[in-house]
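Enquirer: predicted model follows, preceded by the sequence.
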Amino acid sequence: MKKFFFSILFLVSYVNLLFSAVPKWITDLEKEFPSEKYIRAVAEGNSLEEAKKYALAELSSYFSQTIESSVEATAIMQNEKNSNILSNEKINQKVSTKSIANLFSVHFTQEYNNKKKKTCSICAYLIREEAWSILIPKIDICVSNCKKILELIDKENELLLKMILLTNAESQYSDFYNLYEMALVIYPNKCNEFSSFAKNTIEYLTSISYLRKNISIQVNINGDKNNTIRMKITNLLEQKDFKITSQNSMYSLKASIEWNESQNNKLYLSYPRIEISIDGQNGLVKSLSGECEKIATSNKSATERTAIFKLEKLIEELFSSKKF
């Protein structure tokens, strides 16, 4: 009888020990991390690194799904209120899956190792208040920057410069919108002010973006090689919806390239440089310039190919949304 009693006691103790070792975030996630205060995801993997990766992926997926439903609901509500506003396609930003890199302020619990299953579990979570306090200053900066650019657009009379400012505004608005999407997940009820800004700004940007297609540009390159740089610049302008013409254009883009090629013993050197000017009816409107770092190889053709590649990358930077 004594032996039986101790056996039962041992078994009960063992079961209690077994279950006490399992974290509460596995047995009752809502109680340990209530959804009103946390955004959380539990994942299991064959290693700690794998479990963390899966947990972050779950958080990312949660953000993406919540963002999509929130933004769609907002657009539908806006259309119901006013049949004359822009369509969903114009109000709505294209929702892309939030990359893991976009998540910030992520915390992790202590991992739980299941010896029987030979797996590792972990909980990744964000504290809503903490994430909100980090997010809001970032949003405020984007909103402020965007408003400043919109004011400059209204004051600018030169059409090309107005469209360059519009590109900058679109880039700044895109940064804002990415943060705004995250805010919708964290505290949707606190986003009314940002929702209004998002709606009004995208309507404004869309209303004047059509002006780009009214701009025609003639491209002339001095010092090109096999027409590669002209094609590069033309493609970049067309990507921005500008029209390229061979005559009777509104603007004239002229580029002068210096390859600065030389040979030193068995090395072939190149130091590409480009000067770009855009003229309108009243003279110079915009100028861009840049130079690449020195290129040196033992093969002349390789040096030329590298020089062209480097110059194309430089031109991409010159025509980026921050500068053009």
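Expert: Great, that's in hand.
Enquirer: tell me where the stretch 201-324 of the chain has strands.
Expert: Ranges of strands in the stretch 201-324 of the chain, per DSSP state E, counting those that start in this stretch, are 216-222, 243-244, 251-258, 262-264, 267-270, 273-280, 283-291, 295-297.
Enquirer: and the longest one, what does it pack onto?
Expert: When you say that, I think you mean strand 283-291. Under the contact criterion of 3 or more C-beta pairs under 8 Å, 6 or more residues apart in numbering; DSSP states H and E, strand 283-291 touches helix 159-186, strand 273-280, helix 300-318. C-beta coordinates here come from the backbone N, C-alpha and C atoms, glycine included.
Enquirer: how far does it sit from its chain's centre?
Expert: Distance of strand 283-291 from the chain centroid (C-alpha atoms, centre = their mean, to the nearest Å) equals 28 Å.
Enquirer: orientation of it relative to strand 273-280 in degrees?
Expert: Relative orientation of strand 283-291 versus strand 273-280 (axes from the mean of the first three to the mean of the last three C-alpha atoms, to 10 degrees): 170 degrees.
Enquirer: for strand 283-291, give me every contacting residue.
Expert: Here strand 283-291 makes contact (C-beta atoms under 8 Å, 6 or more residues apart in numbering) with 158, 160-161, 164, 251, 271-279, 314-315, 317-319, 323-324.
Enquirer: identify each buried residue in that strand, please.
Expert: Within strand 283-291, the residues scored as buried using 16 or more other C-beta atoms under 10 Å are V285, K286, L288.
Enquirer: could you pull out the helices in this structure for me?
Expert: Remark: helices assigned in the chain by DSSP state H are 2-20, 24-27, 29-32, 48-81, 88-91, 128-155, 159-186, 192-209, 228-239, 300-318.
Enquirer: among those, where is the model least confident on average?
Expert: Here the helices of the chain differ in mean pLDDT, and the lowest is helix 88-91 at a mean of 34.
Enquirer: count of neighbours near the nearest residue to K243 once chain neighbours are set aside?
Expert: Leaving aside its sequence neighbours, K243 sits nearest to S216 (C-beta to C-beta, 6 or more residues apart in numbering; 4.6 Å). Residues contacting S216 under the criterion other C-beta atoms under 10 Å number 16.
Enquirer: doesn't S246 make contact with S216?
Expert: No - in this structure, S216 is not within contact of S246 by C-beta atoms under 8 Å, at 10.0 Å.
Enquirer: using JSON lines, lay out the helices of the chain together with mean neighbour count and distance to Y38.
Expert: As requested, the helices of the chain are arranged in JSON lines below (neighbours: other C-beta atoms under 10 Å; distance: least, C-beta to C-beta, whole Å):
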{"stretch": "helix 2-20", "mean neighbour count": "9", "distance to Y38": "23"}
{"stretch": "helix 24-27", "mean neighbour count": "14", "distance to Y38": "10"}
{"stretch": "helix 29-32", "mean neighbour count": "14", "distance to Y38": "9"}
{"stretch": "helix 48-81", "mean neighbour count": "16", "distance to Y38": "11"}
{"stretch": "helix 88-91", "mean neighbour count": "14", "distance to Y38": "31"}
{"stretch": "helix 128-155", "mean neighbour count": "15", "distance to Y38": "7"}
{"stretch": "helix 159-186", "mean neighbour count": "20", "distance to Y38": "10"}
{"stretch": "helix 192-209", "mean neighbour count": "15", "distance to Y38": "22"}
{"stretch": "helix 228-239", "mean neighbour count": "17", "distance to Y38": "42"}
{"stretch": "helix 300-318", "mean neighbour count": "17", "distance to Y38": "41"}
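Enquirer: ok, and what's touching stretch 23-30?
Expert: Residues contacting stretch 23-30 (C-beta under 8 Å, 6+ apart): F19, K31, E32, F33, R40, V42, T109, Q110, Y112, S121, C123.
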